[in-house]
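Participant: Need coordinates for the following:
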Amino acid sequence: MPVNSELTHNKMASGYEITLATAADVPGILALQEANLPGSGGNLSVRQSAEWFQGTMAEMPLIVARRDDKVVGYMVTATLAAKTHVAIVQAMLRQYPAPPDCYSYGPVCVAESDRGKGVAGAMFDRLRLELPGRTAITFVRSDNSPSLYVHEKMGMRALGEFETAGVSYTALAYRP
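Facilitator: Numbering: from 1, shown residues only. Next comes the predicted model:
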């Protein structure tokens, strides 16, 4: 589905398709994930399996950005109940309790070649169409200023910082 220009806050480069992920997108998501893990110079915290992505998209929207039929971005969502076993999510929610019907947003990943073109913002716009009126909560490493900047442009607001395992994170929320 093309991006709804009325919703998009970011100037969007042409040639992107922003849509719900399908099983056919999983290999592209995995390749993009691999390129953005710390061992490859990226900032993604956790490697997820194909089964994890398939299970996630069966429960909540998983948004992808494609350019020339190639996955160049993805955005994951989950119910908070599905993530309460994750230590970092527990730490965030202890300090910043979520309102009812809130969902967890992230990770979000955009190919290095496609950053700065509004892809993350366009994926978030699509996500809000899928989950209208609902609050989203996420976290970003506090030293990841490019990601914090992008999230601010998407309308997310910092709730404050929290620490886990000696690393400082910023909790962010989007409230419609």
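
Participant: Now do the strands in the chain.
Facilitator: With DSSP state E, the ranges of strands along the chain come out as 16-20, 62-67, 70-79, 103-110, 136-141, 157-164, 167-174.

Participant: outside of the second one, which residues touch it?
Facilitator: Read it as strand 62-67. Applying CB atoms under 8 Å, 6 or more residues apart in numbering, the external contacts of strand 62-67 come out as 15-21, 25, 28-29, 53, 56, 71-77, 110, 114, 119, 122-123, 126-127, 130. The C-beta positions use only the backbone N, C-alpha and C, and glycine is treated the same way.

Participant: give me that answer again for 6 Å
Facilitator: Applying CB atoms under 6 Å, 6 or more residues apart in numbering, the external contacts of strand 62-67 come out as 15-18, 21, 25, 56, 71-76, 119, 123, 126-127.

Participant: Of the residues you listed, select the buried ones using a PyMOL command.
Facilitator: Of these, the buried ones can be selected in PyMOL as follows, counting by 16 or more other CB atoms under 10 Å:
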select buried, resi 16+18+21+25+56+71+72+73+74+75+76+119+123+126+127
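
Participant: for the strands of the chain, which one sits closest to Pro38?
Facilitator: strand 136-141 (11.1 Å; CB to CB).

Participant: Test for you: state the pLDDT assigned to the closest residue to Ala87 other than its chain neighbours.
Facilitator: In space, and not counting its chain neighbours, Ala87 is closest to Thr164: 6.4 Å by CB to CB, 6 or more residues apart in numbering. For Thr164, the pLDDT comes out at 90.
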